[in-house]
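Colleague: what shape does this take:
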Amino acid sequence: MDSGFNFRKVLLLGFGFFAISLTWSVYNAFMPKILSDYIGSSALIGFIMTFDNYFALFLQPAVGMYSDRLNSRFGRRMPFIMIGMPLAALFTFLIPFHQSLIILIFFIVCMNLSMSVFRSPVIALMPDLTRTEHRSKANSVINFMGGIGALIAFFIGSILWDYNEGFPFYLAGFLILISFVILFSFIKEKRDVINYEVSEEKIDFKVGLRSAIKNKNALFLLLAILSWFIGFNGIETFFTRYGEEYLNIKVSAASFSFAFISLAFLIFAIPAGFIGTKIGKKRSIVIGIIGIIFGFIVLFFLKDILFIRFVFLLMGCFWALVNINSYPFLAEMAPVGFIGTYTGLYYLFASIANIVSPPLLGAILDFIGFKYMFLYGTFFIIVSLFMILKVRDNTTIERNSNASA
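Modeller: Next up, the predicted model:
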C-alpha cells in the first residue's frame with residue numbers, strides 16, 4: 001500500500017460502520033416504542049435499552065486489546081468481524097419474533113453482545129489502513145457510509161414500520177450480512193495494513209488504560225466524548241416518544257424527523273474531514289459543539305415539526321464536525337501498538353454514556369415531563385465543551401511551528 005490515501009479501501013471498510021450505524025439507528029428509533037407496549041415507565045425503558053451496554057462496557061475494550069495481540073491467518077481484526085457480524089445479523093432479524101418481554105430482552109442482549117465483538121476491530125482497521133495525516137479524511141468517508149446506514153434506518157425504516165413493526169429489523173439484519181460479505185471479500189489485512197508485521201506490539205489493556213490516564217490530552221478528550229454522547233444519545237433514544245407525547249405526532253413521523261440529522265451528517269461528513277485536516281481536529285470539534293449547544297437551546301422553544309427538521313439539518317452538520325474528528329484525534333494520541341486498545345477506550349466511554357444517559361433522562365422525563373428534554377442535552381454538551389478546551393491539539397501546534405520555521 002502506498003503512502004497516499006486509498007479511497008477505495010476506506011470506502012469498502014466503511015461498510016462495517018454502515019452496518020453499525022444502520023443497526024443502532026433502527027434500535028434507538030423503534031425499540032423504545034416496542035418496549036413501551038410492555039412497560040409504562042420511561043426510566044425502566046431507558047434502563048432496558050442500556051442493559052446490553054453493561055456487557056459492552058467490558059467486552060469492547062477487551063476485544064480491542066486482544067485484536068492488537070492476535071495474529072491469525074485472517075489478520076488481527078478480521079476474526080472478530082467474522083464472528084460478530086453474522087451473529088448480530090441473526091439476532092437483529094430475530095427481535096420481531098419475540099413472544100414475551102423476557103424473550104425480547106434476550107434477543108436485545110445477544111444482538112448487542114454480537115455488535116460489541118466486531119465494533120472495535122472494524123473501527124481500528126481505519127488507522128491500520130491509513131497514515132496519520134489522512135485519518136480525518138478516512139474517518140469522514142467511513143462516517144459518510146454510516147450516515148447512509150442511518151438514513152436508510154430512519155427514512156426507509158419509518159416507511160416500513162407503518163407496514164409492519166418487524167420490517168426495519170429484517171432490513172437491518174439483511175444489510176449487516178451484505179456488509180460482512182463485502183468486508184470479508186475485499187479487505188485483506190496482511191495485504192492492506194500499513195507495515196502489518198510491525199504495526200502492533202504485545203500489550204495488555206491495563207498498560208493501555210494507564211497510558212491514556214497519564215496522557216492528560218487523551219483523558220480530557222475521553223471525558224469530552226463521554227459528555228457529548230450522554231447529551232446526544234439520550235435525545236436520540238427518546239425523541240420518538242418526545243414526538244408522540246409532547247409534539248403529538250406519529251412515531252414514524254418523529255423517526256422520519258430525526259433522519260434530518262443523519263441526512264445533514266451524510267452530506268457534511270466528507271467536508272468535515274477536510275475541515276479537520278485543514279484547521280485542526282480540536283478547532284473543528286469546538287465549532288461543532290458550540291453549534292450543537294445553540295441548536296438544543298433553539299429546539300427547546302420549538303413545537304412546529306417543520307422548524308424542528310430545519311434545525312436538525314443544521315445540527316447534523318455540527319455533529320459531523322464533532323464525530324468525524326474525535327476518533328482520529330484520539331487515535332493519533334495512541335502509542336505504537338495501542339490503536340486497538342485506544343479504540344476500545346473510545347467505545348468504553350461511549351458505552352458508559354449509553355448506560356448512564358437513557359435511564360437518567362428517562363427518570364427526568366418521568367418526573368418533569370418531555371418539555372425539558374433538550375435542556376438535558378444542552379447541559380451535557382456544555383460540559384463536553386469545557387473538557388475539549390483542556391485538550392492540546394498537537395497537530396495544530398506542529399503545523400504552526402512548521403509554518404514559522
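Colleague: going forward, measure contacts and count neighbours with C-alpha atoms only.
Modeller: Will do.
Colleague: for the strand or helix carrying Phe180, packing partners?
Modeller: According to DSSP states H and E, Phe180 maps onto helix 167-186. Packing contacts for helix 167-186, counted by 3 or more Cα pairs under 8 Å, 6 or more residues apart in numbering; DSSP states H and E, involve helix 7-36, helix 78-94, helix 157-163.
Colleague: now those helices in JSON lines, with mean pLDDT and mean neighbour count?
Modeller: What follows is the helices and strands packed on helix 167-186, written out as JSON lines (pLDDT from 0 to 100; neighbours: other Cα atoms under 10 Å):
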{"stretch": "helix 7-36", "mean pLDDT": "86", "mean neighbour count": "22"}
{"stretch": "helix 78-94", "mean pLDDT": "92", "mean neighbour count": "22"}
{"stretch": "helix 157-163", "mean pLDDT": "86", "mean neighbour count": "19"}
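Colleague: how about Leu385, what does it touch?
Modeller: Counting by Cα atoms under 8 Å, 6 or more residues apart in numbering, Leu385 makes contact with Ala224, Val286, Ile289, Ile290.
Colleague: do that again at 7 Å, thanks
Modeller: Applying Cα atoms under 7 Å, 6 or more residues apart in numbering, one finds that Leu385 lies in contact with Val286, Ile289.
Colleague: not counting sequence-adjacent ones, nearest residue to Val311?
Modeller: Using Cα to Cα, 6 or more residues apart in numbering and skipping the chain neighbours, the partner closest in space to Val311 is Gly295 (6.5 Å).
Colleague: er, Ala331 I mean
Modeller: Ile339 (6.2 Å).
Colleague: again with Val10
Modeller: Val10 sits nearest to Ala138 (Cα to Cα, 6+ apart), 6.2 Å away.
Colleague: so where does that neighbour fall, helix or strand?
Modeller: helix 135-151.
Colleague: now the angle from that helix to helix 167-186?
Modeller: For helix 135-151 against helix 167-186, the angle by axes from the mean of the first three to the mean of the last three Cα atoms, to 10 degrees is 140 degrees.
Colleague: which other helices and strands contact helix 135-151?
Modeller: helix 7-36, helix 251-279, helix 305-331 (3 or more Cα pairs under 7 Å, 6 or more residues apart in numbering; DSSP states H and E).
Colleague: the same query, at a cut-off of 8 Å, please.
Modeller: Counting contacts by 3+ Cα pairs under 8 Å, 6+ apart, helix 135-151 packs against helix 7-36, helix 101-129, helix 251-279, helix 305-331.
Colleague: can you lay out these as TSV showing distance to Asn164?
Modeller: Below are the helices and strands packed on helix 135-151 laid out as TSV (distance: least, Cα to Cα, whole Å):
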stretch	distance to Asn164
helix 7-36	12
helix 101-129	17
helix 251-279	12
helix 305-331	24
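Colleague: nearest to Ala153, out of these?
Modeller: helix 7-36 (5.3 Å; Cα to Cα).
Colleague: ok, then the element right after that closest one?
Modeller: Remark: after helix 7-36, the chain's next helix or strand is helix 42-69, criterion DSSP H and E.
Colleague: if we can go back for a sec, out of the helices and strands packed on helix 135-151, the one nearest Leu171 is which?
Modeller: Comparing the helices and strands packed on helix 135-151 by Cα to Cα, helix 7-36 comes nearest, at 9.2 Å.
Colleague: low-confidence stretches in the stretch 51-200 of the chain?
Modeller: Across the stretch 51-200 of the chain, the ranges flagged by pLDDT under 70 are 51-52, 55-56, 194-200.
Colleague: now with 50, please.
Modeller: Low-confidence segments of the stretch 51-200 of the chain (pLDDT under 50): 197-200.
Colleague: one step back: show me the contact partners of the helix holding Phe180.
Modeller: Residues contacting helix 167-186 (Cα under 8 Å, 6+ apart): 9, 12-13, 15-16, 18-20, 22-23, 26, 78, 81-82, 85-86, 88-93, 95-96, 153, 156-158, 160-161.
Colleague: ok, 7 Å please
Modeller: 12-13, 15-16, 19, 22-23, 26, 85-86, 89-90, 92-93, 157, 160-161.
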